[in-house]
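Asker: I'll drop the sequence and a predicted model, then ask my questions.
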Amino acid sequence: MWAALSRWPVPGKALAAVLAGLLIFGSFPPRPYWFLAPVGVAVLVAVLRTGTGLRGGFGYGLLAGLGFFLPLLPWTGIYVGPVPWLALSTACAVYIGLFGVLTRLLVRLPGWPVWVALAWVSVEWARSSFPFGGFPWGRLAFGQADGWLLPLAAVGGAPLIGFVVALLGCALVVVVAGSSRWVRGLPGGPAGRAVPAVVALVALVFLGLVPRTLLPDADDGDGRITVAAVQGSVPRLGLDFNAQRRAVLDNHVRRTEELARQVAAGELPRPDVVIWPENSSDIDPLRNADAAEIITGASERVGAPILVGAVLVNGDRTTTNSVIVWDGADGPGERHDKKIVQPFGEYLPMRSFFRLFSEYADRAGYFVPGDGDGTVEAAGVRIGVATCYEVAFDRAFRDSLASGAQLLTVPTNNATFGDSEMTYQQLAMSRVRAVEHGRALVVAATSGVSAIVAADGSIEQSTDLFVPAALVSTLPLRSASTPATRLGAAPELLAVAVTLGGLAAAVALRRRDR
């Protein structure tokens, strides 16, 4: 393998790098081919080990990143043209280029597969943090919701899954080359000693011996609650999905009233709480008496408080993306104001600069982030809320769990992204979060896919796209914490620190050899 790659001309290596990115893309929903991710990492690492310099390492990594992100993110430009899609994909690909540079340095160290896997985790951390708050979409863990590695989220969250996927990729490189003289000629010599441990890890994972015993049983919990998720659908897709704002609100009221009739007829159990999606009321019900009246009526008819996704207008004319607990005639109660707002969508950083590149720039909103604890109380239960984009971030539910959340919900509006793969990618993130924190999770989407997700990441119920629907399920409430919840960000930050230490050692080794 080493000899073959060494003989490849630059175009051949470039094609292999692009193929690596495409293989990683192939592991993401709605495709169930999660096992392609370590294969993609393996192809990329094999290319990066073939004598490429640091600039070449960046270039091949960048090509792999483009091969991954360009097909992953076209929904970002579906209604605004290709410029935002191409710019975002390129920016994300730069981080894979950085991984290429780190790999070229770290492969010189003993036990290089571990160092390279830690580098992948570190690069994902950087991409999830910078700039403008980061963009975690496309982390390796989010392609593993249907795979054997998902239970690892309960131990170390998304970073641990990403580490193991990358380590498996490196292991494949070692295993494939293990019968050739290449192993004996590895840079650093002692790196060959990592082979037994890596091969053992591969055997364990692919025999399915992943710690599934860490996952709670479907019925385990401190109590139970019956939850309904209402998908009212929208009159149109795209950026103007809510041009008829009253129509969207009416759709959700109508489907909730239909749910009330089904409950009265004994067809469905009465919910303790009803969850509406993000943007289900873009008419501010705190300022608009008509909106407040029909929401109150819907809550009274169904006999339960409703978590209403609403856009609230602040005194300074900025807006807040909020989830309000609306309990019948008692009206609004606690609320979650979205804390992680989406740059270039809900707000535009450096607006005067970016409007030079797109006529759609001024269509970005003026949303401001909230500062709550990420929970609301409804029907006597604390519910953790991550609104749409927030679910991609590890930190989104941490405050919720610290504040005693026993159930999680992701109210989301995917109508602005049409019938793209975005909704399935986001649902996979919700499944990872359910396992990470050991909580049942409810996804309520305006146009789909809405879903009931068990604490083991399985989908108990889901809706079709673009049809009004209601899901009703009795779910366990849990107070116990998973290791991932207790550890929080510590494992990922430790991985970054260790990677920096390894990088320092690799640079010193490189200088000594020179």
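Answerer: Done, it's in. Residues are numbered from 1 along each chain as shown.

Asker: C-alpha from now on. contacts and neighbour counts both.
Answerer: Will do.

Asker: Now V274: phi and psi?
Answerer: phi -120, psi 140 (degrees, to the nearest 10).

Asker: Residues in a beta bridge with it, which ones?
Answerer: A228, I306 (DSSP bridges).

Asker: That one: neighbour count?
Answerer: 28 (other C-alpha atoms under 10 Å).

Asker: What strand or helix carries A16?
Answerer: helix 10-26 (DSSP states H and E).

Asker: got a pLDDT number for the residue lying closest to G61 once chain neighbours are set aside?
Answerer: Spatial nearest neighbour of G61, excluding adjacent residues (C-alpha to C-alpha, 6 or more residues apart in numbering): G97 at 3.9 Å. G97 carries a pLDDT score of 98 in this model.

Asker: I'd say G97 and F58 touch.
Answerer: Yes: using C-alpha atoms under 8 Å as the test, G97 is close enough to F58 to be in contact (4.1 Å).

Asker: ok now the helix or strand that the helix holding A16 is followed by, how far from the chain's centre?
Answerer: Per DSSP H and E, the first helix or strand lying C-terminal to helix 10-26 is helix 36-48. Centroid separation for helix 36-48 versus its chain: 22 Å, with C-alpha atoms, centre = their mean, to the nearest Å.

Asker: and if you look at stretch 476-485?
Answerer: For stretch 476-485 - counting by C-alpha atoms, centre = their mean - the centre lies 20 Å from the chain centre.

Asker: quick one on the thing from earlier: any chance you could list what contacts the helix holding A16?
Answerer: Helix 10-26 has contacts (C-alpha atoms under 8 Å, 6 or more residues apart in numbering) with 5, 33-34, 36-44, 47, 60-61, 63-69, 71-72, 140.

Asker: any idea of the angle that helix forms with helix 36-48?
Answerer: 160 degrees (axes from the mean of the first three to the mean of the last three C-alpha atoms, to 10 degrees).

Asker: Can I get helix 10-26 in PDB, CA atoms only?
Answerer: Taking Å, rounded to 0.1, in the frame of the first residue of the first chain, the C-alpha atoms of helix 10-26 are listed here in PDB:
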ATOM      1  CA  VAL A  10       0.000  14.400  -7.600                       C
ATOM      2  CA  PRO A  11      -3.200  14.100  -9.600                       C
ATOM      3  CA  GLY A  12      -3.700  10.600  -8.300                       C
ATOM      4  CA  LYS A  13      -3.200  11.600  -4.700                       C
ATOM      5  CA  ALA A  14      -5.600  14.500  -5.200                       C
ATOM      6  CA  LEU A  15      -8.300  12.200  -6.500                       C
ATOM      7  CA  ALA A  16      -7.700   9.900  -3.600                       C
ATOM      8  CA  ALA A  17      -8.100  12.800  -1.200                       C
ATOM      9  CA  VAL A  18     -11.400  13.800  -2.800                       C
ATOM     10  CA  LEU A  19     -12.500  10.200  -2.600                       C
ATOM     11  CA  ALA A  20     -11.700  10.200   1.100                       C
ATOM     12  CA  GLY A  21     -14.100  13.200   1.600                       C
ATOM     13  CA  LEU A  22     -16.800  11.600  -0.500                       C
ATOM     14  CA  LEU A  23     -16.600   8.400   1.600                       C
ATOM     15  CA  ILE A  24     -17.000  10.400   4.800                       C
ATOM     16  CA  PHE A  25     -20.000  12.200   3.200                       C
ATOM     17  CA  GLY A  26     -21.500   8.800   2.300                       C
END
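
Asker: So for that helix, what gets flagged as buried?
Answerer: Judged by neighbour count (16 or more other C-alpha atoms under 10 Å), helix 10-26 contains these buried residues: 13-14, 16-26.

Asker: now stretch 402-410
Answerer: For stretch 402-410, burial by neighbour count (16+ other C-alpha under 10 Å) applies to 403-410.

Asker: do stretch 60-73 as well
Answerer: So for stretch 60-73, counting by 16+ other C-alpha under 10 Å, buried means 60-70, 72-73.

Asker: Could you save those as a markdown table and add columns showing secondary structure?
Answerer: As requested, the buried residues of stretch 60-73 are exported to a markdown table (DSSP: H, G, I helix; E, B strand; the rest coil):
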| residue | secondary structure |
| --- | --- |
| Y60 | helix |
| G61 | helix |
| L62 | helix |
| L63 | helix |
| A64 | helix |
| G65 | helix |
| L66 | helix |
| G67 | helix |
| F68 | helix |
| F69 | helix |
| L70 | helix |
| L72 | helix |
| L73 | coil |
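
Asker: Listing request: residues of this structure with sub-threshold pLDDT.
Answerer: Residues of the chain meeting the criterion pLDDT under 70: 1-8, 178-214, 218, 236-244, 351-352, 354-363.

Asker: All the strands of it, in order from the start?
Answerer: Along the chain, the segments classed as strands by DSSP state E run 223-231, 273-275, 306-313, 319-326, 332-337, 375-378, 381-385, 407-412, 441-445, 451-453, 459-462, 469-477.

Asker: Output those strands as JSON lines; include the columns distance to E421.
Answerer: Shown next, in JSON lines, are these (distance: least, C-alpha to C-alpha, whole Å):
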{"stretch": "strand 223-231", "distance to E421": "18"}
{"stretch": "strand 273-275", "distance to E421": "23"}
{"stretch": "strand 306-313", "distance to E421": "23"}
{"stretch": "strand 319-326", "distance to E421": "23"}
{"stretch": "strand 332-337", "distance to E421": "27"}
{"stretch": "strand 375-378", "distance to E421": "28"}
{"stretch": "strand 381-385", "distance to E421": "23"}
{"stretch": "strand 407-412", "distance to E421": "14"}
{"stretch": "strand 441-445", "distance to E421": "14"}
{"stretch": "strand 451-453", "distance to E421": "16"}
{"stretch": "strand 459-462", "distance to E421": "16"}
{"stretch": "strand 469-477", "distance to E421": "20"}
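
Asker: and among those strands, the most buried is which?
Answerer: Among these, ranked by average contacts under mean count of other C-alpha atoms under 10 Å, first place goes to strand 441-445 (a mean of 31).

Asker: Extract the C-alpha set from it and format it as PDB.
Answerer: Extracted in PDB, the C-alpha atoms of strand 441-445 (Å, rounded to 0.1, in the frame of the first residue of the first chain):
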ATOM      1  CA  LEU A 441     -35.900  13.500  23.200                       C
ATOM      2  CA  VAL A 442     -38.800  15.000  21.200                       C
ATOM      3  CA  VAL A 443     -38.200  16.700  17.800                       C
ATOM      4  CA  ALA A 444     -41.000  19.000  16.700                       C
ATOM      5  CA  ALA A 445     -40.500  20.400  13.200                       C
END
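
Asker: which secondary structure elements does that strand contact?
Answerer: strand 223-231, strand 407-412, helix 422-437, strand 451-453 (3 or more C-alpha pairs under 8 Å, 6 or more residues apart in numbering; DSSP states H and E).

Asker: how far off strand 381-385 does the second one point, in degrees?
Answerer: Relative orientation of strand 407-412 and strand 381-385, computed by the same axes, to 10 degrees: 40 degrees.

Asker: Strand 407-412 pairs with which strands, and in what direction?
Answerer: Assessed with DSSP bridges, strand 407-412 is paired to strand 381-385 (parallel), strand 441-445 (parallel).

Asker: for the shortest one, same thing?
Answerer: Partner strands and pairing direction for strand 451-453 (DSSP bridges) are strand 441-445 (antiparallel), strand 459-462 (antiparallel).
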